[in-house]
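1. Sequence below, structure please.
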Amino acid sequence: MEKLEQLTLRALLKRSLQLYPDRIALSEVDGLPITYESFGGLVRNLAQSLRDRGIAPGDRVAILSENKPNWGIAYFAVTTIGAVAVPILPDFHSAEVHHILRHSSAKALFISEHLFEKIEGEHFDDLKTIVLIETLREIPLRTSPSRLKELIEEGKREFAKLREAALRAVGRIPPEVREEDIASIIYTSGTTGHSKGVMLTHKNIVFDAMGATKMVNVSCEDRLLSILPLSHAYECTIGLVIPVMRGASVYYLNKRPTAQILLPAMAKVKPTILLSVPLVVEKIYKAGIVPKLTKNAVLRGLLKFPLTRKVLHRKAGKKLMESFGGHLRVLAIGGASLAPDVEKFLREAGVPYAIGYGLTETSPLVAGSDPSQTRYRSTGYALTGTEIMIDNPHPGTGGGEILVRGPVVMKGYYRDERRTEEVMTKEGWFRTGDLGVLTKDGYLYVKGRLKNVIVGASGENIYPEEIESILNEFDLVLESLVFEQQGQLVARVHLDYEKLDQELRIGTREDEEVREGVRKILDDLRRKANERVSSFSRINRIIEQTEPFEKTATQKIKRYLYV
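-> Reported below is the predicted structural model:
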């Protein structure tokens, strides 16, 4: 493959349009595919339209939409003219959306029909242009719901014509885009509750994408089914920029990825690569695999012996791969820690999984590996050209804060020099806030968040994430959170209420009996979990969390809301 002229998204797209004109670039699962040639024309048309509306290099352009092909068209149109894309998570509350639009001083906004209500009736001083992402047509800043429907229908007809004309699009020569220019500002909604605007340059993103493909090869023969939000750095870099760079095809769902939507889509697309977060994989395992493996006493008995367990897991893995469409060669998992029992199953089942580690601030990938090089509980080794260091390692365990240095590290937090200085050392190291251990041959093991570490009575380091992973292995537990309260360890657990209903026969018992049954289950859970942890890590009390925990985009629990 010919070398990129520059590490910019414009140069990346230009090369792909030359190499893969007739390949499918983006499509909805049941929609009309867009070839790379058409994709390039649509990007050029939209880029010209943005320039005509006064959008200049450095101007911020927000994207508030669910995943769809036009999301990628908007992203590349913005970044290839030197403007800055500001992706906004669709699940953000209206107040967060308003804050981001104002804090970023966005001059233009791409928005989907379903999310229009999040800005309806609000005034934003800097916002001059609103574009409906379904049609890529501008709509008035003050648009009533009834008029919006009319504009959508008119826009659909115009967009069909736009696609036909896309191949003829030439436009004026766009301004120069440099590697160090900011390509995107991504506002994180982290587990600590402090949203920050992460500034990523063109070089950050393209270097990260290139490094990732040296670990896991991606080609123009690959097909991806997108199930994670494009507004997150993980899906945007790994699930959009990399496929475009390598001429692969990305397919989008037009609804949330529930089992009823996802399984038929898998059968149609037959993806070769699937990006996921641990929670999705863990749900598949608990809801689809475990019940079948433990449905009778004979199977439960066979699972106790390593040899027969591996045989059963291999058979279950074969069926799982068939449900994925039968062609999956990489199940990439990132964004949070994967439960140990689920990873053990994937290994024994022969599922080609790979775990990656990274943060929005690192574009995002820092470490990972090819499925053939995975190690149990490790997130792999550093990307080429990226350094990992453990700061102030513990003499006994070797654990300490993970520091990262290299071209993947962000330019800083937007309009927040204080926070930028807090996480960047004078030598250029980025403080991740994560705890980890690095082996002599470079494999990284992530232990949890530095801020989450609990110091025991005798000075022992207690990692709540490790206790949570044990709790989450129990059938009745969907998710858990461990924290310190008045010098004691306490756990909140969200139970699987469908299974609980069957176990306690809730519909046939009095409320007091049900409460007593739940109390006994929680006591039993505490006892069994404490048998598997060190004496200083034992749980004193378990609290029932009746509602699912509120989570970030990568499905990590927002801990600050509960401790």
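2. what ranges of the protein fall below the confidence cut-off?
-> Scanning the chain for pLDDT under 70 picks out the ranges 1, 142-174, 189-194, 506-509.
3. That one - how does it break down into domains?
-> As given by automatic domain parsing, the domain ranges for the chain are 9-211+231-240, 259-406+424-449, 453-561.
4. mind putting those domains in JSON lines, distance to Ala248 and mean neighbour count included?
-> Backbone N, C-alpha and C define where each C-beta goes, glycine included. Compiled in JSON lines, the domains of the chain are given as follows (distance: least, C-beta to C-beta, whole Å; neighbours: other C-beta atoms under 10 Å):
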{"stretch": "domain 9-211+231-240", "distance to Ala248": "8", "mean neighbour count": "19"}
{"stretch": "domain 259-406+424-449", "distance to Ala248": "8", "mean neighbour count": "18"}
{"stretch": "domain 453-561", "distance to Ala248": "22", "mean neighbour count": "16"}
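5. Dump those to a markdown table, plus distance to Glu417.
-> Listed next are these as a markdown table, based on distance: least, C-beta to C-beta, whole Å:
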| stretch | distance to Glu417 |
| --- | --- |
| domain 9-211+231-240 | 12 |
| domain 259-406+424-449 | 10 |
| domain 453-561 | 24 |
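6. Name the nearest residue to Asp523, sequence neighbours excluded.
-> Leaving aside its sequence neighbours, Asp523 sits nearest to Ile542 (C-beta to C-beta, 6 or more residues apart in numbering; 7.7 Å).
7. how near is that neighbour to Leu561?
-> Going from Ile542 to Leu561 by C-beta to C-beta, to the nearest Å gives 18 Å.
8. what does Glu176 give?
-> 45 Å.
9. Next: Ser27.
-> Going from Ser27 to Leu561 by C-beta to C-beta gives 38 Å.
10. now do Leu471
-> Leu471 is 19 Å from Leu561, by C-beta to C-beta.
11. Run through who's touching stretch 313-323.
-> By C-beta atoms under 8 Å, 6 or more residues apart in numbering, the residues outside stretch 313-323 that reach it are 263, 266, 284, 288-289, 292-293, 328, 345-346, 348-351.
12. try 7 Å
-> With contacts defined as C-beta atoms under 7 Å, 6 or more residues apart in numbering, stretch 313-323 is touched by Leu263, Met266, Ile289, Lys292, Leu293, Leu328, Phe345, Glu348, Ala349, Gly350, Val351.
13. Same question for the third one, what's its three-state structure.
-> Right, Ile289. helix (DSSP: H, G, I helix; E, B strand; the rest coil).
14. could you say which helix or strand contains the closest residue to it other than its chain neighbours?
-> Take Ile289 and drop its neighbours on the chain: the residue closest to it by C-beta to C-beta, 6+ apart is Ala316, 5.4 Å away. Secondary structure assignment for Ala316, by DSSP states H and E: helix 306-323.
15. Next secondary structure element downstream of that helix?
-> strand 330-333.
16. Alpha carbons of that next one, as PDB, please.
-> Taking Å, rounded to 0.1, in the frame of the first residue of the first chain, the C-alpha atoms of strand 330-333 are listed here in PDB:
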ATOM      1  CA  VAL A 330     -11.900 -10.700  15.200                       C
ATOM      2  CA  LEU A 331     -14.100  -9.900  18.200                       C
ATOM      3  CA  ALA A 332     -12.400  -6.700  19.500                       C
ATOM      4  CA  ILE A 333     -13.300  -5.900  23.100                       C
END
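17. Identify the residues contacting it?
-> So strand 330-333 is contacted by 216, 238, 273-276, 278, 281, 351-356, 371 (C-beta under 7 Å, 6+ apart).
18. So the residue nearest to Asp523 sits against Leu489, correct?
-> No. The criterion here is C-beta atoms under 7 Å, and Ile542 misses it with Leu489 at 9.9 Å.
19. now do the same end-to-end measure for stretch 450-467.
-> With C-alpha to C-alpha, to the nearest Å as the measure, the first residue of stretch 450-467 is 15 Å from its last.
20. What lies in contact with that stretch?
-> 192, 337, 401, 433-435, 447-448, 482-484, 533, 536-537, 539, 559.
21. let's go with 8 Å and repeat that
-> With C-beta under 8 Å, 6+ apart as the criterion, stretch 450-467 contacts 192, 337, 394, 397, 399, 401, 433-435, 447-449, 481-484, 487, 489, 491, 529, 533-534, 536-537, 539, 559.
22. Which ones among those map onto strands?
-> Secondary structure from DSSP state E places 401, 433-435, 447-449, 481-484, 489, 491 of the contacts of stretch 450-467 in strands.
23. okay if I get those residues as TSV plus distance to Gly211?
-> Shown next, in TSV, are the ones in strands among the contacts of stretch 450-467 (distance: C-beta to C-beta, whole Å):
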residue	distance to Gly211
Glu401	22
Gly433	22
Asp434	19
Leu435	23
Lys447	24
Gly448	25
Arg449	24
Leu481	33
Val482	34
Phe483	36
Glu484	38
Leu489	39
Ala491	38
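24. Show me which of those is closest to Gly40.
-> Of all the ones in strands among the contacts of stretch 450-467, Gly40 sits closest to Asp434, with 38.9 Å by C-beta to C-beta.
25. So the closest one is in contact with Ile402, correct?
-> Yes. With contacts counted by C-beta atoms under 8 Å, Asp434 reaches Ile402, the gap being 4.7 Å.
26. can you list residues touching both of these two?
-> Joint contacts of Asp434 and Ile402 (C-beta under 8 Å, 6+ apart) are Val446.
27. Let me see the contact set for Arg492.
-> Ser480, Leu481, Phe483, Ile542, Ile543, Glu544, Gln545, Phe549, Tyr562.
28. so the third one bridges to which residues?
-> Bridge pairing for Phe483 (DSSP bridges) gives the partners Val490.
29. list the contacts for it?
-> Ile454, Pro464, Leu489, Val490, Ala491, Arg492, Arg559, Tyr562, Val563.
30. Since that was my last question, I'll sign off now.
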